[in-house]
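[1] What follows is a predicted protein model with its sequence.
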Amino acid sequence: MAQPAVFIDRDGTLIEDADYLSSPEEIRILPGAIPGLRKLHQAGYLLVIVTNQSGIARGLLSEDDLALIHEHLINQVETLGGTIDAIYYCPHHPTEGDPPYRQECDCRKPQPGLLYRARDELGLDLSASYLIGDAWRDVEASLAAGVPPIRVPRPSGREEDDRSDLFVLANVANLNEAADVILASDASLVQERMRLFDRKAARKGSRKARKRSASAGDDTPLQRNPLLDGIAGGSEVEKPKPEDESPELAAQEAPDEDAFDALPANPQPAGTADKQPPAKKPAKQQPAQDEDDEQGQGSDCREDGEQGEDGEQEADGSITEPCARCGFEIPEDDLLSGRARRVQGTLFCQECLPSASRGGAGGRSSASGAAVSGSNRSAARGSAGGGPVGGAEETLAEILTELKRLRRRQDTNGFSFTQTIGYIMQIVAIGLGILAPFANEATRMLIMMLAAILVQLIALTMFVLSRE
């Protein structure tokens with residue numbers, strides 16, 4: 001039986017975009033990623049990474065280097081409690097490097113080849129799957145494979161223009177919020193929304209084409225309808241005016257509009273079911289800002305001179321916008337009164353605005369405001385309260401994380417003298433970090449924490465010396 005999956009872009013979605021990451025030491029998992037992976041895995045989704053890695057074609061790293069990076073990435077994710085089931089990558093580039101890496105392939109996003117390959121090799125059900133990414137090329141690849149996309153923000157300085165011509169299920173702050181949207185969604189309803197969106201976009205494009213044709217002056221001769229030959233002298237049939245629509249087209253539009261309105265405008269994470277959206281037409285998607293693996297290579301896949309549909313009125317002349325956090329449409333009165341407003345370019349409703357303002361929504365650095373787990377949550381409490389216990393937990397978490405990284409990087413040829421000293425100092429640092437929160441006096445706790453930090457620095461120095 002085919003299994004649903006969640007396809008996840010790597011750079012800018014799961015980990016920080018390091019501009020052609022070439023070393024395992026550069027891996028930085030983004031806030032909210034691990035809780036999101038854990039939720040999706042527990043819900044039965046296969047978690048598949050799909051990523052463009054043209055750095056191989058450009059000669060910045062080899063496929064062996066990439067395999068080592070991905071091995072470390074999987075180990076880090078599993079150490080923190082997450083899961084990655086498979087990683088698929090495209091090493092090609094259409095113009096850079098030498099063959100066989102320099103080629104026009106079908107696996108480089110926005111082409112859907114990676115998703116099709118994963119489907120065939122893993123036995124996936126694309127109709128019940130989702131994709132999470134930050135670049136429009138991720139969205140285009142997802143839609144080409146019939147998979148609904150969810151978009152997270154692009155890194156600062158790498159933003160892309162809005163694309164109202166592309167369907168996006170939701171715009172969220174990080175992978176954890178994307179997981180909440182997926183778990184609150186019904187796959188069949190989402191697929192129907194995608195089909196209706198495509199029909200509306202096709203009709204809108206047809207109307208715009210007729211308007212452009214009329215403004216340019218259409219000199220196409222009148223056509224004779226053979227069915228009318230012999231009736232009323234076989235008179236010529238006039239073409240409908242560009243602004244008019246045939247009765248058949250008008251008859252087809254009404255059911256589709258009603259059906260589109262009947263579907264949920266945006267799947268909501270748990271806890272927002274008590275809010276009832278106003279009965280209006282679904283709003284245009286307002287994408288958050290997005291990435292892939294290439295610096296300055298944001299693929300818009302839009303022809304020169306072609307503009308998006310932003311600001312264009314729907315058939316009834318109204319323009320509606322949803323809240324970027326909860327997805328419900330914002331009343332015009334709230335926009336005019338200032339109860340709803342934009343924060344760093346992202347629109348929030350009255351209910352979501354306070355938390356968004358505190359968390360600084362819309363930016364990459366604020367993505368941790370939605371959901372923090374494990375040591376991140378402890379660190380947040382420590383920084384908010386300023387207490388020594390919170391600082392001790394944060395320092396201990398950093399020590400443990402560094403120890404795990406160093407253990408993965410250690411040489412397997414045996415222990416040197418400096419390595420032995422380093423491990424002894426590491427154990428002492430961990431012991432001080434564990435005992436510090438239980439000290440009776442704040443002064444003693446502070447001294448123990450400073451000692452733990454000093455011993456940790458000595459341990460790191462020994463490890464560096466042992467490598468050299």
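    Thanks, I have the structure now. Numbering: from 1, shown residues only.

[2] Put the alpha carbons of the helix or strand harbouring residue 335 into PDB.
    With elements taken from DSSP states H and E, the one containing residue 335 is helix 332-337. Provided in PDB are the C-alpha atoms of helix 332-337 (Å, rounded to 0.1, in the frame of the first residue of the first chain):
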ATOM      1  CA  GLU A 332     -11.600  45.600   6.200                       C
ATOM      2  CA  ASP A 333     -12.500  47.600   9.300                       C
ATOM      3  CA  ASP A 334      -9.600  46.000  11.200                       C
ATOM      4  CA  LEU A 335      -7.200  47.000   8.500                       C
ATOM      5  CA  LEU A 336      -8.400  50.600   8.400                       C
ATOM      6  CA  SER A 337      -8.500  51.000  12.200                       C
END
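
[3] next helix or strand past that helix?
    Sequence order places strand 341-343 as the next helix or strand after helix 332-337, per DSSP H and E.

[4] mean confidence for that next one?
    In this model, strand 341-343 has a mean pLDDT of 75.

[5] again, but for stretch 194-205
    86.

[6] got it, and stretch 16-34?
    Per-residue scores along stretch 16-34 average to 92.

[7] What residues sit buried inside that stretch?
    16-21, 24, 27, 29-34 (16 or more other CB atoms under 10 Å). For the C-beta atoms, the positions are set from N, CA and C on the backbone; glycine is no exception.

[8] okay if I get these as a markdown table plus secondary structure and distance to residue 59?
    Below are the buried residues of stretch 16-34 laid out as a markdown table (DSSP: H, G, I helix; E, B strand; the rest coil; distance: CB to CB, whole Å):
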| residue | secondary structure | distance to residue 59 |
| --- | --- | --- |
| 16 | coil | 23 |
| 17 | coil | 20 |
| 18 | coil | 17 |
| 19 | coil | 15 |
| 20 | coil | 11 |
| 21 | coil | 15 |
| 24 | helix | 19 |
| 27 | coil | 21 |
| 29 | strand | 27 |
| 30 | coil | 28 |
| 31 | coil | 33 |
| 32 | coil | 34 |
| 33 | helix | 29 |
| 34 | helix | 33 |
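
[9] Sort out which one of these lies nearest residue 339 for me.
    Closest approach to residue 339 among the buried residues of stretch 16-34 (CB to CB): residue 32, at 27.5 Å.

[10] who touches the helix holding residue 335?
    321, 339-341, 349-350 (CB atoms under 8 Å, 6 or more residues apart in numbering).

[11] between the residues you listed, which is nearest residue 158?
    Nearest member of the contacts of helix 332-337 to residue 158, counting by CB to CB, is residue 321, at 23.7 Å.

[12] Does the closest one touch residue 340 like I think?
    No - counting by CB atoms under 8 Å, residue 321 does not reach residue 340; the two are 9.0 Å apart.

[13] any idea which strand is longest in the chain?
    strand 46-52 (DSSP state E).

[14] Partner strands of that strand, with direction?
    Here strand 46-52 has these sheet partners by DSSP bridges: strand 5-8 (parallel), strand 86-90 (parallel).

[15] What count of nearby residues applies to residue 160?
    Using other CB atoms under 10 Å, residue 160 has 17 other residues around it.

[16] oh sorry, the question was meant for residue 188
    Neighbours of residue 188 using other CB under 10 Å come to 10.

[17] before we move on, back to that, ok, and what's touching the longest strand of the chain?
    By CB under 8 Å, 6+ apart, the residues outside strand 46-52 that reach it are 3-11, 14, 37, 40-41, 70, 83-90, 108-109, 114-115, 118, 122, 124, 131, 137, 141, 292-294.

[18] residues contacting residue 127?
    146, 187, 191.

[19] Least confident secondary structure element in the chain?
    Least confident helix or strand of the chain, by mean pLDDT, DSSP states H and E, is helix 374-385 with a mean of 36.

[20] the strands in this structure, which residues?
    With DSSP E as the criterion, the chain has strands spanning 5-8, 46-52, 86-90, 130-133, 149-151, 170-171, 341-343, 346-348.

[21] Tabulate the ones you listed in JSON lines, adding columns for mean neighbour count.
    Converted to JSON lines, the strands of the chain look like this (neighbours: other CB atoms under 10 Å):
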{"stretch": "strand 5-8", "mean neighbour count": "27"}
{"stretch": "strand 46-52", "mean neighbour count": "24"}
{"stretch": "strand 86-90", "mean neighbour count": "20"}
{"stretch": "strand 130-133", "mean neighbour count": "29"}
{"stretch": "strand 149-151", "mean neighbour count": "28"}
{"stretch": "strand 170-171", "mean neighbour count": "28"}
{"stretch": "strand 341-343", "mean neighbour count": "16"}
{"stretch": "strand 346-348", "mean neighbour count": "21"}
